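S.K.: below are the sequence and a predicted model; questions follow.
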Amino acid sequence: MIKPWPKTGSTPLGDYRVFKLRSDRRISPRTGKEHDFFVLDSANWVNIIALTSDGQLVMIEQFRHGSERVELEIPGGLMDAGESPVAAAVRELREETGYEGENARVLGQISPNPAIMSNTCFTVLVENCRGTHPVEFDSGEDLLTRLVPADEVTRLVADGKIGHCLVVVALFYFELWRRGLKQTETLP
């Protein structure tokens, strides 16, 4: 049986605005030897599946500095301290696209990379979305809103047109929900 590794210490290494880096010292329960592990701490994230009444997804295009490409994604962002996933989703959707909707609820949650990251990414479904407000971009954002038929997104993933792994996971949750295989979640 795999057991958790006891932590004997933790050292902060840096604060980089969107994440903090730390080194944790842990003991292997199998060997008893100590090892250092590096962990990125970040606020939790939210991704939004924003569905219009005529079956289209509200998506965005934006340049991503890591991939050095313009990516087709769904709206999303960092959750503020104390903010629920649903509240963050409603806020981010409105800021990034000007859209609002109804019946916002969590479809799923995932660990972005549990080997080195401590946060959670929530997928929130918002239905009957419509453009109601001007966008409110952060100074570091440059986004273009696109409406994409929901029936086309699996083809876009298969063709490599959508490549952001957390967006693919969110779209998978959406597809499971559409097939009746995934229920929405109630969070404490």
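M.R.: Looks like it came in fine. Numbering: from 1, shown residues only.
S.K.: by contact count, what packs against the strand or helix carrying Leu21?
M.R.: Using DSSP states H and E, the element containing Leu21 is strand 20-27. If contacts are counted by 3 or more C-beta pairs under 8 Å, 6 or more residues apart in numbering; DSSP states H and E, strand 20-27 sits against strand 7-15, strand 34-41. (Glycine included, C-beta is placed from N, CA and C.)
S.K.: okay, now the sheet partners of the first one, with direction.
M.R.: So the one you mean is strand 7-15. Partner strands and pairing direction for strand 7-15 (DSSP bridges) are strand 20-27 (antiparallel).
S.K.: quick check: chain neighbours aside, which residue is closest to Gly55?
M.R.: Distance criterion C-beta to C-beta, 6 or more residues apart in numbering; nearest residue to Gly55, sequence neighbours excluded, is Ala150 at 5.1 Å.
S.K.: swap that for Gly14, please
M.R.: Leu21 (4.7 Å).
S.K.: got it, and Val124?
M.R.: With C-beta to C-beta, 6+ apart as the criterion, Val124 has its nearest non-adjacent residue at 3.6 Å, and that residue is Ala89.
S.K.: report the contact partners of that neighbour.
M.R.: The contact partners of Ala89, by C-beta atoms under 8 Å, 6 or more residues apart in numbering, come to 46-48, 104, 122, 124, 126.
S.K.: so which of those is the most crowded?
M.R.: When neighbours are counted as other C-beta atoms under 10 Å, the busiest of the contacts of Ala89 turns out to be Ile48, with 34 neighbours.
S.K.: does it touch Glu73 like I think?
M.R.: No: judged on C-beta atoms under 8 Å, Ile48 makes no contact with Glu73 at a distance of 10.1 Å.
S.K.: Ile60 versus the residue nearest to Gly55, what's the distance?
M.R.: 15 Å (C-beta to C-beta, to the nearest Å).
S.K.: of all the residues in the helix or strand where Val157 lies, which ones are buried?
M.R.: Assessed by DSSP H and E, Val157 sits inside helix 153-158. Neighbour-count burial for helix 153-158 flags 153, 156-157 (criterion: 16 or more other C-beta atoms under 10 Å).
S.K.: again, but for stretch 112-125
M.R.: Here stretch 112-125 shows 112, 118-125 as buried, counting by 16+ other C-beta under 10 Å.
S.K.: pull the most distant pair out of these.
M.R.: Comparing every pair within the buried residues of stretch 112-125 by C-beta to C-beta identifies Ser118 and Leu125 as the most remote, at 25.1 Å.
S.K.: per the record, what domains does the chain have?
M.R.: Annotated domains of the chain cover 7-41, 45-178 [automatic domain parsing].
S.K.: just the endpoints, please. Distance across the last one?
M.R.: Think domain 45-178. 23 Å (C-alpha to C-alpha, to the nearest Å).
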